[in-house]
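Peer 1: Got a predicted structure here, sequence first:
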Amino acid sequence: MAFLQLNCISQTYFSKRSSTTALEDISLSVRKGEFISFLGPSGCGKTTLLSIVAGLFPPTVGSVTLSGELLKGPHPKIGYMLQQDYLFPWKTVKENVLLGLKLRDQQNDRHISKTFSLLKEVGLEGTLDMYPTQLSGGMRQRVAFVRTLATNPEILLLDEPFSALDYQTKLKLEDLVSITLMEHGKTAILVTHDIGEAIAMSDTIILFSKNPGRIIRTFKTPETLKRLIPFEARHHPDYSMMFQQIWEELEQIEQNDSE
Amino acid sequence: MNKTTVNKTHAEYLQRLKKEKRNVVFVQSFIFIVFIGLWEVSSNKGWIDPLLFSSPKRIGFLLMEKLTNASLFSHVGITLSETILGFLLGTLLGTLFASLLWWLPFLSKVLDPYLVVLNALPKVALGPILIVALGPNFTSILAMGILITIIITIMVVYSAFINVEPNYLKVIQTLGGSKLHCFKEVILPACFPTIISVLKVNVGLAWVGVIMGEFLVAKQGLGYMIIYGFQVFNFTLVLLGLLIIAILATIMYQLVEILERKLIKNR
């Protein structure tokens, strides 16, 4: 049985004048431990889909099930990481990363020390009493990553978490996130418009078209790339091949759109 | 550039800053002394009517007299307590009400036009009604101080509440937080600087409300002292009242500013 299952999801937005269909008939299943990317042009509804999986609002049509159980609202097993860090500037790093535990009433010694060791894992053990404004962009995003992991979710939803960072920081963070998720055996869904990032990080890439958002194709990353960390994967010959393939497919979508 | 030259230019820079500050203070005190001096002289020489504009010396003597027979303290005490209570309660109740509006969007939509009207209305015009309803006493003057501050507090704080970055709330929701968590962990702390700055505005507004209220009903307080001085044509008393209000209002404003700096140093 699939771990996470999306069944025929459609999402329509209503306004006074019109209704817009953002997503149409999305069905897919995610295995435990799998890393999936949603790739597509901006406006294809991939962030909307992520919000639905996060339980922030129910889809107009369709359903999401987690281990066979119907999803209603935010679930403790699902963590969500946004495009920007959105650390609370009035809270210290410590208060920020422990927030999830506080909200779920799980602030016991075991969970707290586990969170601190996560912070150490991402190389930020000395920042506990600092405020977010004292940290660099890459450090802040790492704190946000730890904040998401602190409540020990099994699925991580990553909404373009590297897009606000400079290129070098982005590459380093890709490796860090990829390795950490692998080590802890997490399932992940990454939303991105960066083809390279999708190939380097994921096992499966799902290509979306826009107006309305539909699944166009599903790519499986070759085993040779899956084994490598993202930075090394980017230098493998299979990477360029796959890049080419996805690039052409995206061009095709764009042509169809303009016709 | 080597270290010694850097140190030297830095020292020169500090010197310049110090000099500028000294000049500003000098001109400020010069203006003050000239103003007081000119006032005293023109009052003595009869260039201005001493009956209407009094003179610094006479105000000073009156102050001494009132301090020695202690009749000033009850006036100051009563007005000060009305003002402090007025602006604290106005800010507190206004913030509470704004929270209620945030919690119940339907209520905020319903009340919107009423708030607009109340905000546009000069609150002191409600004075007579307050006196009839609450009686000519401390309560109705306090009510005036609260009324004049609460509406603007509600509007400013509520608009700060609804303009908090929605993604912060998204973070709380995905971490499993409730609406109360959203309010406690995000909305309130994010709007703390706004609330403090409203407090600053309200210091000034509460003085308006309280003095106005005392004009209308009081038998005590600085507003009463001013209106009494006006009625018996003792303008030295009027000006003394004014002077004391100016000093107290400035001190209160400064205190709130110190509080502000202490509370939001991490932003």
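Peer 2: Looks like it came in fine.

Peer 1: Quick test: name the residue nearest the centre of the chain.
Peer 2: Looking at chain A here, since you left the chain open. Residue closest to the mean C-alpha point of chain A, counted by CA atoms, centre = their mean, is residue A:158 at 1.8 Å.

Peer 1: I was thinking of chain B, sorry if that wasn't clear
Peer 2: residue B:203 (1.8 Å).

Peer 1: Would you agree that one is in contact with residue B:84?
Peer 2: No - distance between residue B:203 and residue B:84: 9.1 Å, which falls outside the contact criterion (CB atoms under 8 Å). The C-beta positions use only the backbone N, C-alpha and C, and glycine is treated the same way.

Peer 1: Overlap of the contact sets of the two?
Peer 2: residue B:252 (CB atoms under 8 Å, 6 or more residues apart in numbering or on different chains).

Peer 1: show me what contacts residue B:131?
Peer 2: Contacts of residue B:131 by CB under 8 Å, 6+ apart are B:140, B:216-217.

Peer 1: With pLDDT as added columns, please give those residues in JSON lines.
Peer 2: Shown next, in JSON lines, are these (pLDDT from 0 to 100):
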{"residue": "B:140", "pLDDT": "90"}
{"residue": "B:216", "pLDDT": "86"}
{"residue": "B:217", "pLDDT": "83"}
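
Peer 1: What is the nearest of those to chain A?
Peer 2: For the contacts of residue B:131, the minimum distance to chain A (CB to the nearest CB) is 39.2 Å, reached by residue B:140.

Peer 1: Which is the succeeding secondary structure element to the helix or strand hosting that closest one?
Peer 2: Residue B:140 is part of helix B:138-162 when elements are defined by DSSP states H and E. Per DSSP H and E, the first helix or strand lying C-terminal to helix B:138-162 is helix B:166-174.

Peer 1: hmm, back to that, how about the contacts of residue B:131 in JSON lines, adding distance to residue A:136 and neighbour count?
Peer 2: Listed next are those as JSON lines, based on distance: CB to CB, whole Å; neighbours: other CB atoms under 10 Å in any protein chain shown:
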{"residue": "B:140", "distance to residue A:136": "57", "neighbour count": "22"}
{"residue": "B:216", "distance to residue A:136": "60", "neighbour count": "19"}
{"residue": "B:217", "distance to residue A:136": "61", "neighbour count": "21"}
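
Peer 1: Can you redo these as a markdown table, where the extra columns are distance to residue B:255?
Peer 2: Putting those into a markdown table (distance: CB to CB, whole Å) gives the following:
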| residue | distance to residue B:255 |
| --- | --- |
| B:140 | 26 |
| B:216 | 28 |
| B:217 | 28 |
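
Peer 1: one step back: doesn't the residue nearest to the centre of chain B belong to a helix?
Peer 2: Yes - looking at residue B:203 with DSSP: H, G, I helix; E, B strand; the rest coil, it is inside a helix.

Peer 1: Can you name the residues that contact it?
Peer 2: By CB under 8 Å, 6+ apart, the contact set of residue B:203 is B:83, B:87, B:249, B:252-253, B:256.

Peer 1: likewise residue A:62?
Peer 2: Counting by CB under 8 Å, 6+ apart, residue A:62 has contacts A:6-10, A:25-27.

Peer 1: Go again with 10 Å.
Peer 2: Listed by CB atoms under 10 Å, 6 or more residues apart in numbering or on different chains, the contact partners of residue A:62 are A:6-11, A:23, A:25-27, A:52.

Peer 1: same check, this time on residue B:110
Peer 2: B:101, B:104.

Peer 1: ok, so what distance separates residue A:27 from residue A:216?
Peer 2: 14 Å (CB to CB, to the nearest Å).

Peer 1: isn't there a strand covering the residue nearest to the centre of chain A?
Peer 2: Yes - counting by three-state DSSP, one finds residue A:158 located in a strand.

Peer 1: That one contacts residue A:78, correct?
Peer 2: No - under the criterion of CB atoms under 10 Å, residue A:158 makes no contact with residue A:78, lying 11.8 Å away.

Peer 1: Now do the shared contacts for these two.
Peer 2: Common neighbours of residue A:158 and residue A:78 are listed as A:148, A:189 (criterion: CB under 10 Å, 6+ apart).

Peer 1: So which bits of the stretch 151-267 of chain B are right by chain A?
Peer 2: Along the stretch 151-267 of chain B, the residues adjacent to chain A under the rule CB under 10 Å from any CB of the partner chain are B:165, B:167-178, B:181-182, B:185-186, B:188-190, B:192-193, B:264, B:266-267.

Peer 1: ok so, going back, quick one: which of the contacts of residue A:62 is nearest to residue B:94?
Peer 2: Using CB to CB, residue A:52 comes nearest to residue B:94 of those, at 38.3 Å.

Peer 1: how about the closest one, secondary structure?
Peer 2: helix.

Peer 1: ditto for residue A:214
Peer 2: strand.

Peer 1: Now for residue A:2, how many residues are close by?
Peer 2: Neighbourhood size, residue A:2 [other CB atoms under 10 Å in any protein chain shown]: 15.

Peer 1: Surely it is in a helix?
Peer 2: No - assessed with three-state DSSP, residue A:2 is coil; it does not lie in a helix.

Peer 1: Tell me the confidence at the residue lying closest to it once chain neighbours are set aside?
Peer 2: In space, and not counting its chain neighbours, residue A:2 is closest to residue A:29: 3.4 Å by CB to CB, 6 or more residues apart in numbering or on different chains. We have a pLDDT of 91 for residue A:29.

Peer 1: ok, then the element right after the strand or helix carrying residue A:29?
Peer 2: In this assignment (DSSP H and E), residue A:29 forms part of strand A:19-30. Note on strand A:19-30: by DSSP H and E, the next helix or strand toward the C-terminus is strand A:35-39.

Peer 1: Compute the inter-axis angle for that next one and strand A:19-30.
Peer 2: Angle of strand A:35-39 versus strand A:19-30, following axes from the mean of the first three to the mean of the last three CA atoms, to 10 degrees, is 160 degrees.

Peer 1: Convert the C-alpha atoms of strand A:35-39 to CSV, please.
Peer 2: Output of strand A:35-39 as CSV, limited to C-alpha atoms (Å, rounded to 0.1, in the frame of the first residue of the first chain):
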residue,chain,number,x,y,z
PHE,A,35,12.0,11.7,-2.6
ILE,A,36,9.6,13.2,-5.1
SER,A,37,9.9,16.5,-7.0
PHE,A,38,7.0,18.6,-8.5
LEU,A,39,8.5,20.4,-11.4
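
Peer 1: Now do that strand: distance to the chain's middle.
Peer 2: Its chain's average C-alpha position is 8 Å from that of strand A:35-39, according to CA atoms, centre = their mean, to the nearest Å.

Peer 1: which secondary element of chain B has the worst mean pLDDT?
Peer 2: Least confident helix or strand, chain B: helix B:50-53 with a mean of 87, by mean pLDDT, DSSP states H and E.

Peer 1: Could you give me the buried positions within that one?
Peer 2: Buried residues in helix B:50-53, defined by neighbour count with 16 or more other CB atoms under 10 Å in any protein chain shown: residue B:50.
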